[in-house]
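Pasting a predicted model and its sequence here:
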Amino acid sequence: MNTHTLRQKFKEVYGRDAESLYFAPGRVNLIGEHIDYNGGRVFPCALSFGTYLLAAKRQDSRMAFTSLNMPYSTVKGKDALERKSGEWTDYPLGVVKEFADRGFEPWGYDLLYWGDIPNRAGLSSSASVEVVTAVLLNDLSGAGFDRIELVKMSQHAENDFVGMNCGIMDQFAVGMGRSGFAIALDCATLDYELVPLHIDGYKLVIANSNKHHDLVTSEYNMRRTQCEKALEILRQRYPVDALCALTPEQLEKAADLFSDEVLYRRARHAVTENARVNEAIQALRTGDLSRFGRLMNESHHSLKEDYEVTGVEMDVLAEEAQGLDGVLGSRITGGGFGGCTVSLVREDAVDAFVRRLGEIYTGKVGLRAEFYVADIGDGARKIC
Ligand code: GLA
């Protein structure tokens with residue numbers, strides 16, 4: 001849908017013109033999975049597709065929510081902040097609550113959302129909704145928070161109101177992305193660097209498994225708890241605040257502390273993934289794309305064996321891709337239990353890759369995959 005059509009839709013739904021139009025992208029994480037909440041370094045980028053949000057002031061102090069991706073509209077009053085409803089409006093309402101908790105009352109708007117990020121595919125459609133809401137309400141309410149604060153508020157909205165105990169990677173990438181760059185983000189300090197994505201002759205291809213990651217909230221929260229337990233054990237030997245402050249060697253030397261091998265494997269994923277991210281950023285800087293690709297493959301393997309967040313669909317997509325002509329690397333991206341893979345594919349092999357992987361996936365799993373050549377875009381912004 002183009003912005004002209006979106007404006008027409010706004011008028012159909014609310015009977016008047018939209019006054020503002022904002023956009024926030026989805027994101028794809030190149031490497032560094034499940035370590036943002038372990039104080040690790042991650043390497044995501046913003047995509048060119050995302051969520052559009054149109055708004056106009058209402059006469060009263062209620063808030064109307066319409067999503068063109070969902071079947072209904074609803075009007076909410078301030079009592080909606082007392083408890084979550086389990087509906088998609090929890091994402092924007094969680095953000096409204098963050099403003100309210102800081103003494104701002106960004107109420108009284110008609111809002112219309114539309115997104116072209118595949119839902120529940122691990123490309124951060126929820127972070128995109130949160131951040132676009134935060135950026136718009138920040139401007140309209142005159143609250144004046146800086147972008148990093150809005151990113152943190154969006155993460156808290158998801159943690160506290162929605163109940164998904166996510167790290168900060170998605171909201172950060174959605175809020176801070178830049179076209180042509182990936183973000184090397186240190187999640188312990190929020191120091192970050194934009195690294196030019198020089199992958200000449202290659203493309204990043206996203207494969208959507210169309211296996212929805214339904215378990216993600218419960219399993220995700222469980223992984224976080226396991227990491228906290230592993231950290232507690234390791235603190236008997238090392239005075240660290242997060243798993244990723246340890247090297248793989250340090251972890252190995254402390255293996256004797258673990259009576260639960262599951263906890264040890266969770267920790268091993270975190271520390272080795274962090275080391276892989278540092279190596280991958282270095283590989284990209286020196287133009288060693290083969291090494292970057294190998295690290296992507298190793299990341300998938302670790303997420304499969306040690307972190308156990310992949311599943312048969314994602315394993316087929318990533319592992320079969322790894323063996324195809326022109327593919328340097330392939331891995332699951334995002335929270336897991338379904339969703340998407342990202343592969344680094346030689347430009348002239350992309351068509352054959354899409355055809356062949358699509359056939360293999362349907363043959364082995366019975367689902368149809370969808371493919372997108374990733375277009376790296378800018379972070380959240382006002383369009384007009
Ligand atoms: C989800 C979360 C992120 C991150 C990833 C896994 O997308 O929202 O914070 O933990 O999973 O890397």
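Received it, and whenever you're ready, just let me know what you need.

so who does residue 205 touch?
342-345, 350, 353-354, 371-374 (CB atoms under 8 Å, 6 or more residues apart in numbering). C-beta here means a position set from N, CA and C on the backbone, and glycine is covered the same way.

could you dump those to CSV with secondary structure and pLDDT?
Formatted as CSV, these follow (DSSP: H, G, I helix; E, B strand; the rest coil; pLDDT from 0 to 100):
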residue, secondary structure, pLDDT
342, strand, 98
343, strand, 98
344, strand, 98
345, strand, 98
350, helix, 98
353, helix, 98
354, helix, 98
371, strand, 98
372, strand, 96
373, strand, 97
374, coil, 95
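
that's a helix at residue 105, yeah?
No. Secondary structure of residue 105 (DSSP: H, G, I helix; E, B strand; the rest coil): coil, not part of a helix.

How many residues are close by it?
Residue 105 has 12 neighbouring residues, counting by other CB atoms under 10 Å.

Kindly report the same for residue 319.
Neighbourhood size, residue 319 [other CB under 10 Å]: 17.

Do you know the pLDDT at it?
Note for residue 319: predicted pLDDT of 98.

just the strands in the stretch 101-250 of the chain please.
Applying DSSP state E, counting those that start in this stretch to the stretch 101-250 of the chain gives strands spanning 109-115, 181-186, 192-196, 202-208.

so residue 309 is in which element?
According to DSSP states H and E, residue 309 maps onto no helix or strand at all.

cool, residue 280 as well?
Residue 280 belongs to helix 261-285, assigned by DSSP H and E.

And the helix or strand that comes right after that helix, what's buried?
Downstream of helix 261-285, the next assigned helix or strand under DSSP H and E is helix 289-305. Buried residues in helix 289-305, counting neighbours by 16 or more other CB atoms under 10 Å, are found at 289, 291-304.

same deal with stretch 219-238?
For stretch 219-238, the neighbour count (16+ other CB under 10 Å) marks 219-220, 223-224, 226-227, 229-231, 233-234 as buried.

Equivalent analysis for stretch 122-141, please.
Buried positions in stretch 122-141, judged by neighbour count with 16+ other CB under 10 Å: 122-138, 140-141.

that older thread, what about the helix holding residue 280, average pLDDT?
Regarding helix 261-285, the rounded mean pLDDT is 98.

now do stretch 165-178
Taken as a whole, stretch 165-178 carries a mean pLDDT of 98.

That one: end-to-end distance?
Counting by CA to CA, to the nearest Å, you get 26 Å between the two ends of stretch 165-178.

Work out the gap between that stretch and the centre of the chain.
Relative to the centre of its chain, stretch 165-178 is centred 7 Å away, using CA atoms, centre = their mean, to the nearest Å.

Same question for stretch 271-287.
Taking CA atoms, centre = their mean, the mean C-alpha location of stretch 271-287 is offset from the chain mean by 19 Å.

which sections of the chain are below the confidence cut-off?
Within the chain, the segments meeting pLDDT under 70 span 214-215.

Can you pull the residues of it lying near the ligand?
By CB under 6 Å from any ligand atom, the residues of the chain that approach the ligand are 29, 33-34, 36-37, 166-167, 169-170, 334-335.

can I get the residues you listed in TSV with neighbour count?
Output for these, formatted as TSV (neighbours: other CB atoms under 10 Å):
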residue	neighbour count
29	29
33	30
34	26
36	25
37	21
166	23
167	22
169	27
170	30
334	28
335	25
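
quick check, nearest of those to residue 82?
Closest approach to residue 82 among these (CB to CB): residue 166, at 22.5 Å.

My guess is the closest one contacts residue 220. True?
Yes. Here residue 166 reaches residue 220: they are 7.3 Å apart, a contact under CB atoms under 8 Å.

residues shared between the contacts of the two?
Common neighbours of residue 166 and residue 220 are listed as residue 335 (criterion: CB under 8 Å, 6+ apart).

tell me the contacts of residue 342?
Neighbouring residues of residue 342 by CB under 8 Å, 6+ apart: 28-30, 204-207, 296, 330-331, 333, 374.

which residue sits closest to it, ignoring its sequence neighbours?
residue 333 (4.5 Å; CB to CB, 6 or more residues apart in numbering).
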